[in-house]
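Visitor: This is a predicted model, with the sequence first.
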Amino acid sequence: MTNRISTRKKAILAIIVVLALAGIVLIACWIIQNKENPDVTAAFIEEHMTNDNGTIATYLKPAASENPDIVAGREALSESLGLWMQTAVVSGNRARFDDSVQLLTTYFLNQEQEPFIQWKLRPDGQSEVTTNALGDDLRVLDALLKAFNRWGEEEYLQLAKEIGISLQANSQTKGYLVDYHDFARNESAAALSLVYVDVSALREMHNNGILSLQDYERYQDLLADMPSDGIFYPKTYQIRSGQYEYDASVNLIDQLIVGIHLAEMNHPPKDLIAFLKGEFRQHQQLAGRYTRESRKPDADYESPAVYGLAIILALQTNDLPWAQQLHERMLQFRGQDPAYPGGYVFDGNTHAFDNLFPLLAETLFEQSR
């Protein structure tokens, strides 16, 4: 009798152990899946970075705006909208894309005079600015035209044409689109930041009859003829003088975006990539800024956006092993604050692009695998 009870206890204990191990395995699989699942970052953005009207807040923490030309707190940027739209197209999420188009036409698109995209909104959706931001406009155009190619919705094409034609009519200096145009003062910038020469968007504009072949080739030549100091690229092109200008302190986000545009032209930035690989190999990290002359870090922070853009550049150049290393490092910054799973949150705050660039990069990375 005693032996029979003992055997039964052992059997029950064995079953409990097996179930416990199975549970541990399932939990581990769930953690791994969510750790490498871009949807958790999208969920964080939707839950914590979205204002009541649906616009994406620039910062997690609210803060009062003291200057209409500087973004603060829960104000929304057209940059964030463009990145969100691009990710929706890449992931095939048409419902999310259509919601974004609704936000674009309801809040961001000013049609009182010439239609233009207001670069910044208050949290309530009202705007105090009368200027656009070229780089953000081109992201939106790129997303609209690729969405038209993917889903065939004529509304996307017509909206892109409306914005693109107005942009060319109002925001040019000597035949070049410039950083911004003030539609209230009818004044345009004198320079073109090279980070804004969005080859993908300009190609889509040409392919859809919005930009002439001559104009498209002019922007390609602008990047192809761009000098380099051996690693880093200039920041701006001064249109009237025809001079390229460098920054003494180099923002790596700008460098990576320019590098991505070059890769899209089949001119990969080999020296920049070699430098970044050397930095990562030596230090296991990339700094947010570098001093151009010394090539040394000019900031002690790492940016998830930097890693996201570096992943996109690696994918553009078909370097999957490099993309994998960057991806692993980037994910180390996600979910560090248990109150915000899926978010790249530090000290209770985060910037929208430190979540949107990683989200776009991870979506592309998962598709490449």
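Guide: Everything's here; your move. Residues are numbered from 1 along each chain as shown.
Visitor: Below-threshold pLDDT in this structure: ranges please.
Guide: 1-37 (pLDDT under 70).
Visitor: ranges for the helices of it?
Guide: Assigned helices in the chain, in chain order: 2-35, 38-48, 78-91, 94-103, 134-151, 154-170, 199-207, 213-224, 252-264, 270-283, 304-316, 320-331, 353-368 (criterion: DSSP state H).
Visitor: Looking at those, which is nearest to Gly343?
Guide: Nearest to Gly343 among the helices of the chain is helix 38-48 (3.9 Å), distances taken as C-beta to C-beta. (Glycine included, C-beta is placed from N, CA and C.)
Visitor: where's that closest one relative to the chain centroid, distance-wise?
Guide: From the chain centre to the centre of helix 38-48 is a distance of 15 Å (C-alpha atoms, centre = their mean, to the nearest Å).
Visitor: Show me which positions of stretch 356-369 end up buried.
Guide: Neighbour-count burial for stretch 356-369 flags Leu356, Phe357, Pro358, Leu359, Leu360, Ala361, Glu362, Thr363, Leu364, Phe365 (criterion: 16 or more other C-beta atoms under 10 Å).
Visitor: Of those, which is the nearest to Glu79?
Guide: Leu356 (8.3 Å).
Visitor: Now do the same contact list for the closest one.
Guide: Ile45, Ile56, Ser80, Leu83, Trp84, Thr87, Ala305 (C-beta atoms under 8 Å, 6 or more residues apart in numbering).
Visitor: Spatially, which residue comes closest to the second one, not counting chain neighbours?
Guide: Looking back up the chat, that one is Ile56. Once flanking residues are discounted, Ile56 sits nearest to Ser80: 4.2 Å by C-beta to C-beta, 6 or more residues apart in numbering.
Visitor: hmm, back to that, what's the most buried one of the helices of the chain?
Guide: Neighbour counts (mean count of other C-beta atoms under 10 Å) averaged over each of the helices of the chain peak at helix 304-316, with a mean of 26.
Visitor: So which elements touch that helix?
Guide: On a contact count with 3 or more C-beta pairs under 8 Å, 6 or more residues apart in numbering; DSSP states H and E, helix 304-316 meets helix 252-264, helix 320-331, helix 353-368.
Visitor: Next, work out how far apart Ile56 and Gln214 are.
Guide: 36 Å (C-beta to C-beta, to the nearest Å).
Visitor: Kindly report the same for Glu204.
Guide: Taking C-beta to C-beta, one finds Glu204 at 17 Å from Gln214.
Visitor: go on, Phe116?
Guide: From Phe116 to Gln214 the distance is 24 Å (C-beta to C-beta).
Visitor: And the residue nearest to Asp69 when sequence neighbours are not counted, how far from Ala169?
Guide: Closest residue to Asp69 apart from its sequence neighbours, by C-beta to C-beta, 6+ apart: Val129 at 7.4 Å. Per C-beta to C-beta, Val129 is found 20 Å from Ala169.
Visitor: Spatially nearest residue to Gln86 (excluding sequence neighbours)?
Guide: Using C-beta to C-beta, 6+ apart, the nearest residue to Gln86 is Ala143, at 4.7 Å.
Visitor: Let me know whether the one you found touches Ala88 as I believe.
Guide: Yes. Between Ala143 and Ala88 there is a contact at 7.5 Å, judged by C-beta atoms under 8 Å.
Visitor: Between those two, which contacts overlap?
Guide: Common neighbours of Ala143 and Ala88 (C-beta under 8 Å, 6+ apart) are Phe97, Ser100.
Visitor: residue contacts, the residue nearest to Glu114 when sequence neighbours are not counted?
Guide: Nearest residue to Glu114 in three dimensions, chain neighbours excluded: Ser166, at 4.7 Å (C-beta to C-beta, 6+ apart). The contact partners of Ser166, by C-beta under 8 Å, 6+ apart, come to Glu114, Pro115, Phe116.
Visitor: change it to 10 Å
Guide: Leu109, Gln111, Gln113, Glu114, Pro115, Phe116, Ile117, Asn132, Asp137, His181, Phe183 (C-beta atoms under 10 Å, 6 or more residues apart in numbering).
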